[in-house]
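Chemist: no letters, just coordinates:
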């Protein structure tokens, strides 16, 4: 039996697990790439999560508990020390024939488990995590977390069967630095076009609840700070009103405290009665996207930003929303620059928002614009790219079984 051990460094209830990991595992079964999957998630609550949506049939869930209450560098080091033998034990007990790690932190664990068990592994969602944590000021350059993760990333490039980057930009950068091109695949973070599709009924219901009628509505779904702009984002949200006009409405779906967001918008000159700020579970996001006309993605422009593949951009496109995107973000900025149905680029610290907003408004009057934008998600963010990468990777399981 071909048993895949899938190592996920997020919790089972984490939106990224629900939006990306579970659909990937479902694809693995539908494509016949494994007979059985053991899903390991890292739980940071006092007890393992048990909810968060149904697991695909054939998936066995095995939670790993992370350390809490320690300084982060020490907690991460202790997690590594504890999780490696525990994961190795699961590999042996479940007779796993291959390990797939989601992201470079999980890939670091898989590297050491491979050393203990000899079971081959691969890493998808392979990104320069240490680089962008330093770039956005979350980590200190040369600090223990930075040095530790850089070591783990280098180890994975040497010992993983394949590393799947989420952008061509990062693959090219790794090859230029001496990595083996034959072991580097590319698969952008996929979205499900069906679950994120436009819903005309939901659009009417949400707009009626808001009382905004036929207003032009922008939307942002995400956090503030870190990889994302904060004050510059608020200024961009407010600045769009110069072009859209007084009827402009704004929806913000965020885990950030509502009062902080309202205060940030007020400081930027945006009226609080024209904005909805709330947290929405991932399954509720499409109805709010359907109520909107365009979307914001105010990422911070750093060198490492060129190597990321934001889920939200694919989800915006899948719903038919052109995106106001900052420059230098993954492969997506080039796509937006080349195709007006994808949106428009702007600099949050510059003065080109009005021009970008005019480009988006010009797109919105095109017949069938929503459908044409949704096709971009099918073309650039479908599960097909992930499926192709997994076919290459998991063929190892079948080859190893034959030998």
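Modeler: Nice, I can see it. Because the structure is predicted, anything quoted here is derived from the model rather than measured.

Chemist: going forward, measure contacts and count neighbours with C-alpha atoms only.
Modeler: Noted.

Chemist: residue boundaries of the strands in the chain?
Modeler: Under the criterion DSSP state E, strands of the chain are mapped to 3-8, 36-43, 59-65, 98-102, 121-126, 163-165, 184-186, 217-221, 249-253, 275-278, 294-297, 323-326, 343-346.

Chemist: I'd like the average pLDDT over the second one.
Modeler: The predicted model assigns strand 36-43 a mean pLDDT of 94.

Chemist: same thing with the last one?
Modeler: Regarding strand 343-346, the rounded mean pLDDT is 97.

Chemist: how many other residues sit next to the nearest residue to residue 92 once chain neighbours are set aside?
Modeler: Nearest residue to residue 92, sequence neighbours excluded (C-alpha to C-alpha, 6 or more residues apart in numbering): residue 117, at 7.6 Å. Other residues near residue 117 number 13, with proximity taken as other C-alpha atoms under 10 Å.

Chemist: with residue 312 instead?
Modeler: Residue 312: 18 surrounding residues under other C-alpha under 10 Å.

Chemist: right, and it touches residue 221 too?
Modeler: Yes: at 7.2 Å, residue 312 and residue 221 qualify as touching, with contact defined as C-alpha atoms under 8 Å.

Chemist: re the thing from before, contact partners for the residue nearest to residue 92?
Modeler: Contacts for residue 117 (C-alpha atoms under 8 Å, 6 or more residues apart in numbering) come out as 88, 91-92.

Chemist: wait, which of those is closest to residue 342?
Modeler: Nearest to residue 342 among the contacts of residue 117: residue 91, at 43.2 Å, using C-alpha to C-alpha.

Chemist: circling back to that earlier point, any idea how far residue 95 is from the residue nearest to residue 92?
Modeler: For residue 117, the distance to residue 95 (C-alpha to C-alpha, to the nearest Å) stands at 10 Å.

Chemist: now do residue 193
Modeler: The spacing between residue 193 and residue 95, counted by C-alpha to C-alpha, is 35 Å.

Chemist: and those two? which has more neighbours close in?
Modeler: More neighbours surround residue 193 than the other of residue 193 and residue 95, with 22 against 15 (other C-alpha under 10 Å).

Chemist: isn't the more buried one right up against residue 378?
Modeler: Yes: contact criterion C-alpha under 8 Å: residue 193 and residue 378 qualify, at 6.7 Å.

Chemist: now do the shared contacts for those two.
Modeler: Shared contacts of residue 193 and residue 378, defined by C-alpha under 8 Å, 6+ apart, are found at residue 318.

Chemist: show me where the chain dips below the pLDDT cut-off.
Modeler: 46-53, 69-70, 73, 397-403 (pLDDT under 70).

Chemist: in it, where's the longest helix?
Modeler: Ranked by residue count under DSSP state H, the longest helix found in the chain is helix 72-94.

Chemist: tell me which residues of that one are tucked away?
Modeler: Under the neighbour-count criterion of 16 or more other C-alpha atoms under 10 Å, helix 72-94 has 76, 79-80, 83-84, 87-88, 90-91 buried.

Chemist: hang on, residue 358 packs against residue 243?
Modeler: Yes: between residue 358 and residue 243 there is a contact under C-alpha under 8 Å: 6.9 Å.

Chemist: now residue 382. Nearest residue, chain neighbours left out?
Modeler: Residue 382 sits nearest to residue 190 (C-alpha to C-alpha, 6+ apart), 5.2 Å away.

Chemist: just how off-centre is the longest helix of the chain within its chain?
Modeler: Relative to its chain's centre, helix 72-94 lies at 24 Å (C-alpha atoms, centre = their mean, to the nearest Å).

Chemist: what angle separates that helix from strand 59-65?
Modeler: 150 degrees (axes from the mean of the first three to the mean of the last three C-alpha atoms, to 10 degrees).

Chemist: check which helices and strands helix 72-94 sits against.
Modeler: Under the contact definition 3 or more C-alpha pairs under 8 Å, 6 or more residues apart in numbering; DSSP states H and E, helix 72-94 sits against helix 104-117.

Chemist: in the helix it packs on, what counts as buried?
Modeler: 104-114.

Chemist: now swap in stretch 336-348 and tell me
Modeler: Under the neighbour-count criterion of 16+ other C-alpha under 10 Å, stretch 336-348 has 336, 340-348 buried.

Chemist: tell me which two of the residues you listed sit farthest apart.
Modeler: Largest separation among the buried residues of stretch 336-348 by C-alpha to C-alpha: 341 and 348, giving 20.7 Å.

Chemist: quote the end-to-end distance of stretch 341-361.
Modeler: 11 Å.

Chemist: swap that for stretch 193-213, please
Modeler: Start-to-end, stretch 193-213 (C-alpha to C-alpha) is 27 Å.

Chemist: buried residues in it?
Modeler: Judged by neighbour count (16+ other C-alpha under 10 Å), stretch 193-213 contains these buried residues: 193, 196-198, 202-204, 206-207, 210.

Chemist: residue 156: which of the residues you listed is nearest?
Modeler: Closest approach between the buried residues of stretch 193-213 and residue 156, by C-alpha to C-alpha: residue 193, at 31.7 Å.

Chemist: report the buried residues of stretch 215-226.
Modeler: In stretch 215-226, the ones that count as buried by 16+ other C-alpha under 10 Å are 215-222, 224, 226.

Chemist: which residue comes closest to the residue nearest the centre of the chain once chain neighbours are left out?
Modeler: Centroid-nearest residue in the chain: residue 311, 3.9 Å away (criterion: C-alpha atoms, centre = their mean). Computed as C-alpha to C-alpha, 6+ apart, the closest residue to residue 311 that is not its neighbour in sequence is residue 189, at 6.1 Å.
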